[in-house]
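Trainee: Just the structure for this:
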Amino acid sequence: MPLAPFACHPAFSRGRRFPEPPSRLRDAFARDRDRVIHSTAFRRLRDKTQVFVAPEGDHFRVRLTHSLEVAQIARTIARVLQLNEDLAEVLALAHDIGHPPFGHSGEEALAAALAPWGGFDHNGQAVRLLTALEYRTPVFPGLNLSFEVLEGVAKHNGPVASPGWALATADAEWPLELDTHAALEAQVAGLADDIAYNAHDLDDGMRAGLFTIEEAAETVPMVDAAWRAVRDSFPDQRDPARLVPQLVRDLIGEMVDSLVAETRGRLRALNPEFPDDIRRAGAPVAAFAPALQADLAPLRAFLWRRMYDSPEVRAFRDPAVRVVRELFAALADRPEELPERWRARGQAADPTWRMRTLADYVAGMTDRFAIREHRRLAGTSPMPDEGLF
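Mentor: This is a model prediction of the structure:
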């Protein structure tokens, strides 16, 4: 299928910070996707928290499986809208690559620890990983990804008015036009993230026993309507375990349909001829229809109350914050405990550089490695000995 005129075409990419000869087999965005997949940071997502900390169950989502699900949704939407599928896919795969151990709990701890030195946020850390920390060649730092990929990772949630130090540093080295919206592929990837976690967190919450499908349906009209439709479609099937996967599929389909319809309407009104027309539109072009936005609010509120802020999940949240906070403090006091290559990087005279280097090291840890290192340095651990899920 030919690309729409407002899609990002790899032949017209703004290029890479460090020029490279083209690949004989892949275009620029396919090459970027492969570099992300082969990166160490991407592999570490296998053991990083999505909602549940270091889950014992094999069926709960982690950052890696969530990223793969977002990529599948983003690629489907990109195909329907005649966007560049490879670009949408790499943005979806990389969107969470900067998360520290324990997800938002770890981010909270690092942001507090690094407050005197510019703070911490996972989107900025993602760009830092891709531009500075990952080394796949001795020729240049980072993965040397295309402008469109770095722009999309930085701005998939919209323009960045006040970038933190990590994103500001990357932007100073190679401007990413942080005051504009990203190209449409990035906007689609950002909303594919919303679609994935709204539907899949509902699934994981039921699987963990935090609530039943009946409880969700009683509270969330969107879920109630979808659940009734599933039961009506399969009147002879009474086992919720057989029906819930269909419910999740239907919810994803409903959100995707709304996104495609609303985005097409906005494209007709804007009539863009180039990707820059999307960037300079002054408002998002990819969006859910207003009616669906209203329907999603009760679902998000329910998931917050019954899942993200549930006693079962909170039982891990405060200990996770403590692990990261105490681990950072211990390594700041005893830098000799750092691995050799990190110890060498952290010996700079500038205290800001030392603390940011330490944050880079801690942010790259998986949940289990952070727990293990904290226990090694502290002799004990605040984390529960056994998982609840």
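
Trainee: Can you name the residues that contact the closest residue to residue 299 other than its chain neighbours?
Mentor: Of all residues beyond its chain neighbours, the one nearest residue 299 is residue 220 (4.9 Å), with distances taken as C-beta to C-beta, 6 or more residues apart in numbering. Just so you know, the C-beta spots here come from the backbone N, C-alpha and C atoms, and that holds for glycine as well. By C-beta atoms under 8 Å, 6 or more residues apart in numbering, residue 220 lies in contact with 298-299, 302.

Trainee: try 10 Å
Mentor: Applying C-beta atoms under 10 Å, 6 or more residues apart in numbering, we find residue 220 in contact with 202, 226-227, 295-303.

Trainee: Could you pick out the buried ones from those residues?
Mentor: 202, 226-227, 295-296, 298-299, 302-303 (16 or more other C-beta atoms under 10 Å).

Trainee: and those residues as TSV, adding distance to residue 367, pLDDT and secondary structure?
Mentor: Below are the buried ones among the contacts of residue 220 laid out as TSV (distance: C-beta to C-beta, whole Å; pLDDT from 0 to 100; DSSP: H, G, I helix; E, B strand; the rest coil):
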residue	distance to residue 367	pLDDT	secondary structure
202	23	95	helix
226	32	97	helix
227	33	97	helix
295	33	97	helix
296	29	97	helix
298	31	97	helix
299	27	97	helix
302	26	97	helix
303	21	96	helix
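
Trainee: In a markdown table: those residues, plus distance to residue 124.
Mentor: Output for the buried ones among the contacts of residue 220, formatted as a markdown table (distance: C-beta to C-beta, whole Å):
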| residue | distance to residue 124 |
| --- | --- |
| 202 | 30 |
| 226 | 37 |
| 227 | 40 |
| 295 | 32 |
| 296 | 27 |
| 298 | 32 |
| 299 | 29 |
| 302 | 31 |
| 303 | 26 |
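
Trainee: I'd like the distance between the residue nearest to residue 299 and residue 213.
Mentor: 10 Å (C-beta to C-beta, to the nearest Å).

Trainee: Using PDB, write out every CA atom in stretch 215-231.
Mentor: Provided in PDB are the C-alpha atoms of stretch 215-231 (Å, rounded to 0.1, in the frame of the first residue of the first chain):
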ATOM      1  CA  GLU A 215     -17.400  -6.000  39.400                       C
ATOM      2  CA  ALA A 216     -15.800  -4.200  36.400                       C
ATOM      3  CA  ALA A 217     -19.100  -4.300  34.400                       C
ATOM      4  CA  GLU A 218     -21.100  -2.900  37.300                       C
ATOM      5  CA  THR A 219     -18.900   0.200  37.500                       C
ATOM      6  CA  VAL A 220     -17.700   0.800  33.900                       C
ATOM      7  CA  PRO A 221     -20.400   1.300  31.300                       C
ATOM      8  CA  MET A 222     -18.000   0.600  28.500                       C
ATOM      9  CA  VAL A 223     -17.100  -2.800  30.000                       C
ATOM     10  CA  ASP A 224     -20.700  -3.600  30.800                       C
ATOM     11  CA  ALA A 225     -21.800  -3.000  27.100                       C
ATOM     12  CA  ALA A 226     -18.900  -5.100  25.800                       C
ATOM     13  CA  TRP A 227     -19.500  -7.900  28.300                       C
ATOM     14  CA  ARG A 228     -23.200  -8.100  27.400                       C
ATOM     15  CA  ALA A 229     -22.300  -8.200  23.700                       C
ATOM     16  CA  VAL A 230     -19.800 -11.100  24.300                       C
ATOM     17  CA  ARG A 231     -22.300 -13.100  26.300                       C
END
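
Trainee: Thank you, goodbye.
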